[in-house]
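Novice: please work out how this folds:
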Amino acid sequence: MIKVEDLGEVVYGGAVTVSEWWDSKRIEEGKLASKDVLKKTSFYTYLGVGLIATLMSVMGWMPRYRVWAEKVSTGFFYDIPRFAYNMSKTLSAEGGSRGGSTAVKQAQRVMKERAQLGSGTPAARSYQPEFKKTVVW
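Specialist: A predicted model of the protein is given here:
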């Protein structure tokens, strides 16, 4: 039987997942660089809530919410490997170069828009006038 306290892990995991989705959306839009760890909402959602719940559980703070804190701190500990992997990927050289992919995506989007509008001159060139002028002996 699922108790209300069991939803703490689900809500915590959902909050972290939604904040990561929102951060990736902001990175794609160019509002946030992938290397700006301290500006990411998911960083604070994961560490802030998880560390506070863990400290509450370990130190015995607010015993009324002990069951909730233990569930959230369990989710916090289970998610440490994923968090460490994402942090290493973000802070590595590859993570820094990924920030440029936003500019590439934006340039590709602009090129597609221009192609759809039909603006500019066609890239293909006809050599037919030069062939007509050429005289073969």
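
Novice: can you pull out the low-pLDDT segments for this protein?
Specialist: The model of the chain has pLDDT under 70 over residues 93-102, 118-137.

Novice: what about Ala15, how many neighbours?
Specialist: Using other Cβ atoms under 10 Å, Ala15 has 15 neighbouring residues. Yep, even glycine has a C-beta here, placed from its N, CA and C like the rest.

Novice: could you do Trp22 as well?
Specialist: Trp22, neighbours per other Cβ under 10 Å, totals 15.

Novice: please name the nearest non-neighbouring residue to it.
Specialist: In this structure, Trp22 finds its nearest non-sequential neighbour in Thr41, 6.0 Å apart by Cβ to Cβ, 6 or more residues apart in numbering.

Novice: any idea how far the one you found lies from Arg114?
Specialist: Note on Thr41: its distance to Arg114, by Cβ to Cβ, to the nearest Å, is 34 Å.

Novice: of the two, who's got more company?
Specialist: Applying other Cβ under 10 Å to Thr41 and Arg114 shows that Thr41 carries more neighbours, namely 17 against 11.

Novice: helix, strand or coil for Lys31?
Specialist: Three-state call for Lys31 (DSSP: H, G, I helix; E, B strand; the rest coil): coil.

Novice: neighbours of Phe83, how many?
Specialist: Counted with other Cβ under 10 Å, Phe83 comes out at 16.

Novice: can you tell me the element it falls in?
Specialist: If you go by DSSP states H and E, Phe83 is part of helix 80-91.

Novice: which strands or helices does that helix pack on?
Specialist: In this structure, helix 80-91 packs against no helix or strand, with contacts taken as 3 or more Cβ pairs under 8 Å, 6 or more residues apart in numbering; DSSP states H and E.
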